[in-house]
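Asks: Compute the structure for the input listed below.
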Amino acid sequence: MLKIPFQLFLLMLILSGVSQAQNKQKPNIIVILVDDLGFGDLSCQGGTDIQTPHIDKLFEKGMKFNQFYANSTVCSPTRASLITGRYPDMVGVPGVIRTREINSWGYLTENSITLPDKLKEAGYQTALVGKWHLGLESPNRPNERGFDHFHGFLGDMMEDYYTHLRAGNNYMRLNQEEVNPEGHATDIFSDWAIEYLETAFQKENPFFLYLAYNAPHFPIQPPESWLEKVEKGEPELSKKRAKNVAFVEHLDDAIGRVLQALEKLDKDKKTLIIFSSDNGGHLPSGASNGNLRGGKRDMYEGGIKVPTCFVWENHIKPRSETDNMGLTMDIFPTLCEIAGVEVNHEIDGISLYKSLINEPQSTGNRPVYFMRREGGNYGGLCYYAIRDEDYKLVQNTPFEPMQLFNIKEDPLEQQPLDQNPKKFRELQNKLSQHIRASGKIPWQQP
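Replies: Down below sits the predicted model:
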């Protein structure tokens, strides 16, 4: 048997103790990402025909971002930005990843370093419960991209929230194993999240739980009891709107169950929680984006501006707000800074930590880019937006001319600035350089 010198053994014990002490100081992390939530579809966001008490309470307990943007107008690209800290077209996901290759517009690059990869370096357990939507096959399944535990749905949308199928495929998994749970997917994901929390709290290391719901993405399918409740309480609502309201209120209740379970387990109040959406609400399905123009698939504010809050007791002031701009890709470096792990590779996001603790920070003085590539009526082409301080250049299909707006003076995007060709060209040139960088080929390398 190999004998370890006593001094070395003692040093190993000390280092192990230091490591455990450091881990105990790091917060547990839960990122809750919902799907297609309208900017006005929370009562804390001004929704007058909807009640979301559990999410409202979450916003009250932390900091609300008044200018937080999803990285894209649709699912996969935003999710790619969340787990890589990069613009989606920089990591191979400019559009929606789908079952049929002929209509799939992304492949997460295999060399991308993911958020769970980095948090594991900091000693975290990592888990994804719910919707993945960044790859159906190896090597782009959750357990291969940094998650120790995966209990959820590999695909994009469910065609039915009770059968959980997509194009006849069952994409429900427990790690690599196909599973066939019964019930509404929103309830199932909450149950699985609670099961994970009960296990994770039994271990020494802090955990990172990415809880991603399919709801309220269409088909709008609330449980019948929730729809009956809304129709009885608000008979003036249209059938379409009532179904959407019931769907979101059911989602709120399911999230509430997770938060209540966390409250019972998290006796030391050590969990950081982030809540956001992957894009704006889908107007044809009855969503509300408040008074913002446009919705899902649009580059107008209604398609990319999303309700977002950060909660961390004794660190982030309750009922606080910030006008600093944030994007989904900023979550990556923010969590890395909080976890104490260095980001020593190229990313596009910035840490919002100073904003969270009320230290001076300017986040709106950077140009930020939005893009989506799609087939069908879009012809496989991209369409774009760029925001640079108060100005925004935007198009909503590849075939329409770009429009320039001053978002500070015209937040509802009603008055195109046709009289400012200089600013138009300036933003157009900046956007062209992003497009050039995202499409780099060997002759462009330095």
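
Asks: What are the boundaries of the strands in the stretch 1-150 of the chain?
Replies: Here the stretch 1-150 of the chain has its strands, by DSSP state E, counting those that start in this stretch, at 28-34, 63-69, 125-131, 149-153.

Asks: who wins for proximity to residue 340 among the ones you listed?
Replies: Of all the strands of the stretch 1-150 of the chain, it is strand 28-34 that lies closest to residue 340, at 12.4 Å by CB to CB. Just so you know, the C-beta spots here come from the backbone N, C-alpha and C atoms, and that holds for glycine as well.

Asks: Partner strands of that closest one and their direction?
Replies: When pairing is defined by DSSP bridges, strand 28-34 lines up against strand 207-212 (parallel), strand 271-277 (parallel).

Asks: rewinding a little: output the strands of the stretch 1-150 of the chain in CSV; the columns should cover mean pLDDT, mean neighbour count and distance to residue 418.
Replies: Below are the strands of the stretch 1-150 of the chain laid out as CSV (pLDDT from 0 to 100; neighbours: other CB atoms under 10 Å; distance: least, CB to CB, whole Å):
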stretch, mean pLDDT, mean neighbour count, distance to residue 418
strand 28-34, 98, 23, 37
strand 63-69, 98, 21, 25
strand 125-131, 98, 26, 41
strand 149-153, 98, 25, 45
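
Asks: Next, format those strands as JSON lines and append distance to residue 434.
Replies: Converted to JSON lines, the strands of the stretch 1-150 of the chain look like this (distance: least, CB to CB, whole Å):
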{"stretch": "strand 28-34", "distance to residue 434": "24"}
{"stretch": "strand 63-69", "distance to residue 434": "15"}
{"stretch": "strand 125-131", "distance to residue 434": "28"}
{"stretch": "strand 149-153", "distance to residue 434": "32"}
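
Asks: and of those, who's closest to residue 204?
Replies: So among the strands of the stretch 1-150 of the chain, strand 125-131 is nearest, using CB to CB, at 9.6 Å.

Asks: got the residue ranges for the strands in the stretch 251-400 of the chain?
Replies: Going by DSSP E, counting those that start in this stretch, the stretch 251-400 of the chain shows strands at 271-277, 308-311, 320-327, 367-374, 381-388, 391-394.

Asks: Please name every helix or strand in contact with the third one.
Replies: Read it as strand 320-327. The helices and strands touching strand 320-327, judged by 3 or more CB pairs under 8 Å, 6 or more residues apart in numbering; DSSP states H and E, are strand 63-69, helix 353-356.

Asks: Okay, buried residues for that strand please.
Replies: 322, 324, 325, 326, 327 (16 or more other CB atoms under 10 Å).

Asks: so what's the fourth one up against?
Replies: The contact partners of residue 326, taken as CB atoms under 8 Å, 6 or more residues apart in numbering, are 65, 67, 68, 69, 308, 352, 355, 363.

Asks: Closest one of the buried residues of strand 320-327 to residue 219?
Replies: Distances from residue 219 to these, taken by CB to CB, are shortest for residue 327, at 28.7 Å.

Asks: quick revisit: in a markdown table: the strands of the stretch 251-400 of the chain, plus mean pLDDT.
Replies: A markdown table is the format used below for the strands of the stretch 251-400 of the chain (pLDDT from 0 to 100):
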| stretch | mean pLDDT |
| --- | --- |
| strand 271-277 | 98 |
| strand 308-311 | 98 |
| strand 320-327 | 97 |
| strand 367-374 | 97 |
| strand 381-388 | 98 |
| strand 391-394 | 97 |
